[in-house]
Each structure stands twice: as C-alpha cells, then as structure tokens.
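*Asks:* let me see the structure of the following:
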Amino acid sequence: MSWNWQTVTWAAIALLLFAAEAMAPGAFMLWLGLAAAVVFGLVLVFPGLTVLAQVAAFVLLSFVSIQVYRTWFRGRERQSDRPLLNRRADQLVGRVVTLERGIVQGSGRVQIADAYWDVTGPELPAGAAVRVIGTDGMTLRVEAVT
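*Replies:* Residues are numbered from 1 along each chain as shown. Alright, predicted model coming up:
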C-alpha cells in the first residue's frame, strides 16, 4: 500500500461527495461517493493503475451504483399517512364554499378560513355555493352546487 497523490485525491473526492450528500441530502452524491471510495480502495491495492483506468472505473462504478439505487432503493420509502399535508390546494377538493366574488369570464374568488383563493368555473354570481372539484396550481376549479 502506498499513499501517493492519486490515493489521497480519491480519498478527498470520496469525502467531499459524502459531505455534499450530508449538506444537500438527496441520495445522489452518496452513490458517487461510494464509487470514489471503491476507486480509492483499488488505487491502494493496485498502485500502478493509470489515471485513465481510475477515471474509467469511477465513471463505470458511478453508473452502476446509481442504477442500483434507482432499481432497488428509490421509491421504497415509507408512504405517508397524510399525503396531502403540504399540498393545501389539494386538501380543499370536495369542500363546498361560497363565492366572495362571482365568476365572470371563467374567473372568480372565494375565501376559505383566512385565505383568498382564485377559482375557475362556470359563470356564477357572488354568494353562490360552489364545490371544489380540482386544482390547477394554486387556482381551484369549482362547479355549482345543485
């Protein structure tokens, strides 16, 4: 085992990638860091490895490790018991509210609690009861309550 500039470089790259993952978690830099750590191990075991072979091994191992992540780990997170928690507009679907400003040319406004929401739907006067049937970003789609 020899500690030359190549070994130190791969160790530093691996540590920097792990630190980047810790600073901005997303499970992407982790896999690149693991690839760099494996190349670090290869350079320790095979000190005569050329720089081109090291970079090629890093690229190949990065590709393989990311594919392993995408195949076996991504999407297996625990499902939330409240999937609409941070999606305020979607939480309002199905709710019946009164128009504060009538729908004219497809656009109006409602007040729900302390928030005002833009709505789209059929022409209706102010004070009409409407049901939220969907969302389009932060705009609610409504229909008249019959």
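
*Asks:* contacts for the helix-or-strand element of the chain with minimal mean pLDDT, please.
*Replies:* In the chain, no helix or strand scores lower on mean pLDDT, DSSP states H and E than helix 88-91, which sits at a mean of 85. The contact list for helix 88-91 (C-beta atoms under 8 Å, 6 or more residues apart in numbering) reads 84, 117, 135, 137, 138, 139, 140. For every residue, glycine as well, the C-beta is placed using N, CA and C.

*Asks:* repeat the analysis, applying 7 Å as the threshold.
*Replies:* 84, 135, 138, 140 (C-beta atoms under 7 Å, 6 or more residues apart in numbering).

*Asks:* go on, stretch 106-117?
*Replies:* 92, 97, 98, 99, 100, 101, 102, 118, 119, 120, 140.

*Asks:* just those residues: which are in strands?
*Replies:* 97, 98, 99, 100, 101, 102, 118, 119, 120, 140 (DSSP state E).

*Asks:* neighbour-wise, which one of those leads?
*Replies:* residue 140 (26 neighbours; other C-beta atoms under 10 Å).

*Asks:* state the distance from that residue to residue 110.
*Replies:* 7 Å (C-beta to C-beta, to the nearest Å).

*Asks:* what residues do these two have in common as contacts?
*Replies:* In contact with both residue 140 and residue 110: 117, 119, using C-beta under 7 Å, 6+ apart.

*Asks:* part of a helix, is residue 52?
*Replies:* Yes. When DSSP: H, G, I helix; E, B strand; the rest coil is applied, residue 52 is found to be in a helix.

*Asks:* next, the buried residues of the least confident helix or strand of the chain.
*Replies:* The neighbour-count check on helix 88-91 (16 or more other C-beta atoms under 10 Å) flags residue 89 as buried.

*Asks:* before we move on, back to that, spatially, which two of the ones in strands among the contacts of stretch 106-117 are the most separated?
*Replies:* Greatest spacing in these, by C-beta to C-beta: 98 and 120 (16.3 Å).

*Asks:* which one in the contacts of helix 88-91 is the model shakiest on?
*Replies:* Lowest pLDDT within the contacts of helix 88-91 is found at residue 84 (70).

*Asks:* count of neighbours near it?
*Replies:* There are 12 residues near residue 84, going by other C-beta under 10 Å.
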